[in-house]
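[1] 3D model of this:
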Amino acid sequence: MDPNKFTISINGRKGLTPAESAKLGGSYNIFLQTSLPESVRLYNPDDETFESSQNLFRSIFLRGFAIEILHVYSGPPGIVYRFRHWGYMDGPFKGHAPTGQLIELFGIGTFELDKESNKIIKAEMFFDRGELLGGLVKGESNVASTCPFMK
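    Numbering: from 1, shown residues only. Predicted coordinates for the structure are as follows:
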């Protein structure tokens, strides 16, 4: 990766430089950005820091949360691939009990390589964040619902 040229974009959002990514709190906060109203967000990246997001997801996925390239569709300098991000929910998530179930997220990604250095200068990922978050709220909740029909 060329840190001077690199940008990452999630689901068609504006590409972020490493410095911009760090300001947002890094990895999980970048991957879980959303335009949903705050009142319905299962995970709100605006409320999390790098440390809090890492602690949360490390406590959920005690055995790790692997990313696996399933298929590469094209080769350099433009690389298109399909991926799976997966792990077992061994810890709680925001008031939801662990289920021990496999949680999977599938997506498509691209890398653009610099033609001279062969370093990655652009990464894009496309996926449904609901695949991850939906799996994390399957466990029994110890938090009272705010839904008027559930009372």
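[2] can you read off the backbone torsions of Ile67?
    phi -120, psi 130 (degrees, to the nearest 10).
[3] excluding chain neighbours, what is closest to the residue most central in space within the chain?
    Nearest to the mean C-alpha position of the chain, counting by CA atoms, centre = their mean, stands Phe31 at 3.5 Å. Excluding the flanking residues, the one nearest Phe31 by CB to CB, 6 or more residues apart in numbering is Ile10, at 5.9 Å. The C-beta positions use only the backbone N, C-alpha and C, and glycine is treated the same way.
[4] low-confidence stretches in this structure?
    Along the chain, segments meeting pLDDT under 70 span 143-151.
[5] 90 instead?
    25-27, 75, 141-151 (pLDDT under 90).
[6] buried residues in stretch 11-19?
    Within stretch 11-19, the residues that qualify as buried are Leu16, counting by 16 or more other CB atoms under 10 Å.
[7] what's in contact with that stretch?
    3, 6-9, 24, 30, 33, 122, 124-127, 129 (CB atoms under 8 Å, 6 or more residues apart in numbering).
[8] report the buried residues of the longest helix seen in the chain.
    Longest helix of the chain, by residue count under DSSP state H: helix 50-60. Neighbour-count burial for helix 50-60 flags 50, 53-54, 56-57, 60 (criterion: 16+ other CB under 10 Å).
[9] and what of stretch 90-107?
    92-93, 96, 98-99, 103, 105, 107.
[10] out of these, flag the one nearest to Ile69.
    Gly107 (10.9 Å; CB to CB).
[11] partners of Ile120 in the sheet?
    Applying DSSP bridges to Ile120 yields these beta-bridge partners: Leu113.
[12] how near is it to Gly134?
    30 Å (CB to CB, to the nearest Å).
[13] give me the more crowded residue out of these two.
    Ile120 (18 against 13; other CB atoms under 10 Å).
[14] residues touching the more buried one, list them.
    1-2, 6, 111-114.
[15] check Leu133 too.
    32, 42-43.
[16] how about it, secondary structure?
    helix (DSSP: H, G, I helix; E, B strand; the rest coil).
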